[in-house]
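> My questions concern the predicted model and sequence given below.
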Amino acid sequence: MKLPDGWIEHPVMRSGQKVAFFMVNGNEIHCARHENFKGCWFPRHQFLDIAHGLINSFGCVITKVRSENSQGHRFVRRLGFYRLSDDGQNTHYRAERLNHARL
């Protein structure tokens, strides 16, 4: 998958294969799992390293979750994001610090 201009990919590897990735553009971060991969894929340490770098550089990190994705909303709130707005399709989140609770 080719990312749009300005986005940087941080692959998540399992047994030598890319199973997921983080996408970063400025202080915005998103993650995605390849749909054919089943199992644990989210590397908490990798996410925290990337997100802390964004917070150190920009003062905050932002993301968005599709409005109907209730699991995604619970997930980003557990990480320490709080709701900024909803545009009807996506809910926008922001964090100035992250929770270190077990995911």
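Thanks, I have the structure now. Numbering: from 1, shown residues only.

> so where do the helices sit in the chain?
With DSSP state H as the criterion, the chain has helices at 44-58, 70-79.

> Now do the shortest one and helix 44-58, the angle between them.
Read it as helix 70-79. Counting by axes from the mean of the first three to the mean of the last three CA atoms, to 10 degrees, helix 70-79 lies at 70 degrees to helix 44-58.

> can the helices of the chain go into CSV with extra columns for mean neighbour count?
C-beta coordinates here come from the backbone N, C-alpha and C atoms, glycine included. Below are the helices of the chain laid out as CSV (neighbours: other CB atoms under 10 Å):
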stretch, mean neighbour count
helix 44-58, 14
helix 70-79, 14
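
> Quick one, which of those gets closest to residue 87.
With CB to CB as the criterion, residue 87 lies closest to helix 70-79 of the helices of the chain, at 14.5 Å.

> Rounded mean pLDDT for that closest one, please.
Throughout helix 70-79, pLDDT has a mean value of 92.

> Packing partners of it?
strand 61-66, strand 90-95 (3 or more CB pairs under 8 Å, 6 or more residues apart in numbering; DSSP states H and E).

> that older thread, just put the helices of the chain in JSON lines and tack on distance to residue 10.
Shown next, in JSON lines, are those (distance: least, CB to CB, whole Å):
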{"stretch": "helix 44-58", "distance to residue 10": "6"}
{"stretch": "helix 70-79", "distance to residue 10": "16"}
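
> Looking at those, which is nearest to residue 6?
Here helix 44-58 is closest among these (CB to CB), at 14.2 Å.

> quick one: the closest one to strand 61-66, angle?
Using the same axes, to 10 degrees: helix 44-58 against strand 61-66 is 120 degrees.

> Grab the longest strand from this structure for me.
Secondary structure of the chain per DSSP state E: the longest strand is strand 17-25.
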